[in-house]
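Chemist: requesting a structural model of the entry that follows:
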Amino acid sequence: MGKIILTGDRPTGRLHLGHYVGSLRRRVELQDSGLFEKIFIMIADAQALTDNADNPEKVRQNIIEVALDYMAAGLDPAKSVLFIQSQVSELTELTFFYQNLVTVQRLQRNPTVKQEIQLRGFSESADGADNKAGTPVGFFCYPISQAADITAFQATTVPVGEDQEPMLEQTREIVRKFNAVYGPTLVEPEILLPENSACLRLPGTDGKAKMSKSLGNCIYLSDPADVVWEKVRGMYTDPGHLQVSDPGKVEGNPVFTYLDAFSRPEHFERFADCFHGKKVSFDFRNLDEVKAQYRAGGLGDMMVKSFLNAVLNDVLEPMRVRRKALEQDLPYVYEVLRKGSEVARAAAAETLAAVKRSMKINYFDPGVLDELIAQQREKYRQ
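Modeler: Numbers count the residues shown, from 1 in each chain. Modelled structure (predicted):
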């Protein structure tokens with residue numbers, strides 16, 4: 001069997017730069033590499049409902065936002081299967097079966113689950129009062145649902161950010177447990193992290209550890225150029241860099257983290273004007289030279305931010321153009337998702353059938369019932 005990719009996103013809003021550098025950019029590269037037999041890209045609406053059950057319209061409306069961002073970023077329906085999670089009911093059955101292989105205690109130890117529960121206000125506060133009346137069971141079982149998504153397509157590779165590593169390890173544990181109890185059936189997947197270390201977890205524009213819609217510190221892939229500049233201009237930098245002449249810190253400075261993630265060698269020649277001012281001018285050949293000057297002092301934050309703005313818009317403008325075109329043909333986008341969901345369901349059905357055979361709950365498969373009746377007749381005859 002060839003290599004197979006499964007990955008996706010929750011439709012709770014437009015996708016942002018964190019999604020792009022964390023996995024989306026890599027997905028496009030892998031799609032175009034020709035190294036994978038199949039690529040499944042899932043819009044995880046069922047998982048999004050685990051903490052948005054009281055607002056299904058939010059999830060419903062954001063499916064198109066994610067689909068538009070996917071295709072604008074370069075995911076090609078001719079090369080990748082784009083589908084909606086809730087339209088593949090086999091995933092729900094697999095989740096139910098896998099729940100018997102995971103303990104409550106193991107889920108409680110999952111660091112990603114703990115972090116996400118706290119982030120969404122489901123955890124108890126210090127005074128013992130519930131922020132949101134406890135954690136929904138569906139949200140708590142999120143790693144099991146994710147294991148079903150991955151194994152349903154016999155995925156060998158899952159390209160995600162490092163924050164998802166504990167979730168993937170949970171999937172591997174479920175696969176190993178299932179295969180040990182019922183026999184070799186499921187494929188154990190491998191994680192594929194971004195190659196650029198700056199892309200492992202892109203900080204928010206406010207300097208927080210993670211770019212997040214709920215924290216309001218995102219730059220979205222579909223943001224217009226003027227909005228991108230407004231957000232870049234207001235980005236957190238080194239609080240000790242008060243005067244241009246002051247030495248600045250590069251480490252922990254989001255502006256430089258973004259440049260690590262997005263700048264390319266050709267940008268320093270194309271956007272050299274960003275570093276030419278009335279009082280000082282610099283001719284940088286690469287990012288290392290920019291960092292060295294910033295550390296030494298004399299390089300203002302606004303010059304660096306101006307350069308970052310030019311770099312980001314160079315990356316985002318082609319996506320914005322493709323997205324605008326797709327927005328004018330929404331029936332086509334939904335047809336892509338409908339056909340993709342049909343393909344995904346057929347693939348998941350094969351895995352579900354194999355799981356039921358291994359668990360011996362395929363009672364009415366051809367020949368199985370006859371054999372079962374013959375065994376039981378002999379039992380009762382005795």
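Chemist: list the buried residues of stretch 20-38.
Modeler: Using 16 or more other Cβ atoms under 10 Å as the test for burial, stretch 20-38 gives 20-28, 30-31, 36, 38. For the C-beta atoms, the positions are set from N, CA and C on the backbone; glycine is no exception.
Chemist: and stretch 230-248, by the same measure?
Modeler: Those would be 231-232, 235-238, 241, 244, 248, for stretch 230-248 by 16+ other Cβ under 10 Å.
Chemist: ok, back up a step: please render the buried residues of stretch 20-38 as TSV that adds pLDDT, secondary structure and distance to Thr185 to the earlier fields.
Modeler: Below are the buried residues of stretch 20-38 laid out as TSV (pLDDT from 0 to 100; DSSP: H, G, I helix; E, B strand; the rest coil; distance: Cβ to Cβ, whole Å):
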residue	pLDDT	secondary structure	distance to Thr185
Tyr20	92	helix	35
Val21	88	helix	35
Gly22	81	helix	31
Ser23	83	helix	27
Leu24	90	helix	31
Arg25	90	helix	33
Arg26	89	helix	29
Arg27	92	helix	27
Val28	94	helix	31
Leu30	93	helix	26
Gln31	95	helix	28
Phe36	95	coil	22
Lys38	96	strand	18
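Chemist: quick check: the two most widely separated of the residues you listed?
Modeler: Val21 and Lys38 (24.3 Å; Cβ to Cβ).
Chemist: just give me the neighbour total for Glu65.
Modeler: Neighbour count for Glu65, taken as other Cβ atoms under 10 Å: 19.
Chemist: residues touching it, list them.
Modeler: 11, 13-15 (Cβ atoms under 8 Å, 6 or more residues apart in numbering).
Chemist: list just the nearest of those residues to Pro56.
Modeler: Out of the contacts of Glu65, the member with the shortest distance to Pro56 (by Cβ to Cβ) is Pro11, at 11.0 Å.
Chemist: what about the closest one, which SS state?
Modeler: Secondary structure, DSSP: H, G, I helix; E, B strand; the rest coil: Pro11 is coil.
Chemist: per-residue pLDDT, the closest residue to it other than its chain neighbours?
Modeler: Nearest residue to Pro11, sequence neighbours excluded (Cβ to Cβ, 6 or more residues apart in numbering): Asn62, at 4.0 Å. On pLDDT, Asn62 comes in at 97.
Chemist: in the biggest helix by length in the chain, what counts as buried?
Modeler: For the chain, the helix with the greatest residue count under DSSP state H is helix 330-359. For helix 330-359, the neighbour count (16+ other Cβ under 10 Å) marks 333, 336-337, 340-341, 344-345, 347-348, 351-352, 355-356, 358 as buried.
Chemist: quick one: distance of the worst-scoring helix or strand of the chain on mean pLDDT to the chain centre.
Modeler: Lowest by mean pLDDT, DSSP states H and E among the helices and strands of the chain is helix 111-119, with a mean of 85. Mean-position distance between helix 111-119 and its chain equals 16 Å (Cα atoms, centre = their mean, to the nearest Å).
Chemist: which helices and strands does it pack with?
Modeler: helix 137-140, helix 142-152, helix 165-182 (3 or more Cβ pairs under 8 Å, 6 or more residues apart in numbering; DSSP states H and E).
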